[in-house]
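# Got a predicted structure here, sequence first:
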Amino acid sequence: MTLVDESDSDTLDLLNRFTNAFNNRDADEMDKCLHFPHIMLAESKETVWEQPNSLPAGYFSWLEQESEWHHSEYQSKHLVLSHRSQRHYLLEYTRNRSDGSVISIHKNLWVLTKLDGRWGIKIRCY
């Protein structure tokens, strides 16, 4: 496993922008970090967002009510595969309450691709 270094600043910035948008409950900014169609694999179920504005309405309200979620924080970002137009990151992050206490810990594999000169998150595996 390769630890992320300075040469991956564009993709690290993308990951941080996405999570900042998520924490700010800003679906439009999240969409700007994605490439479409966008694929999510979770528990053997594939969800494909064909276009922006695919996040279900009320998602953030549901997340807050369901788990007391307030924000998410990265614990680690490991670059596991790198190509000039593709990066695979193993991400570990926590979902936290407003007091900072941890609700849950998640490990995901995200695939970032560079299309038409722009990095975007293409696949998220949960």
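Now that the structure is in, tell me what you want to look at.

# give me the element the residue lying closest to E46 once chain neighbours are set aside is part of.
Here the nearest residue to E46 in space, its sequence neighbours aside, is I39; by C-beta to C-beta, 6 or more residues apart in numbering that works out to 6.5 Å. For glycine as for every other residue, the C-beta is placed from the backbone atoms N, C-alpha and C. For I39, the host element (DSSP states H and E) is strand 34-42.

# which helices and strands does that strand pack with?
strand 45-49, strand 118-125 (3 or more C-beta pairs under 8 Å, 6 or more residues apart in numbering; DSSP states H and E).

# Tell me which of those is the most buried.
strand 118-125 (a mean of 18; mean count of other C-beta atoms under 10 Å).

# in its sheet, what does that one sit against?
strand 34-42 (parallel), strand 102-115 (antiparallel) (DSSP bridges).

# Show me what that strand is in contact with.
Strand 118-125 has contacts (C-beta atoms under 8 Å, 6 or more residues apart in numbering) with 10-11, 14-15, 18, 33-35, 38-42, 87, 108-114.

# what separates it from the chain centre, distance-wise?
How far strand 118-125 lies from its chain's middle: 8 Å, per C-alpha atoms, centre = their mean, to the nearest Å.

# can you state the direction angle for that strand and strand 45-49?
Counting by axes from the mean of the first three to the mean of the last three C-alpha atoms, to 10 degrees, strand 118-125 lies at 150 degrees to strand 45-49.

# would you turn the helices and strands packed on strand 34-42 into JSON lines with mean pLDDT?
Listed next are the helices and strands packed on strand 34-42 as JSON lines, based on pLDDT from 0 to 100:
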{"stretch": "strand 45-49", "mean pLDDT": "96"}
{"stretch": "strand 118-125", "mean pLDDT": "98"}
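
# what stretches of this structure score poorly on pLDDT?
1-7 (pLDDT under 70).
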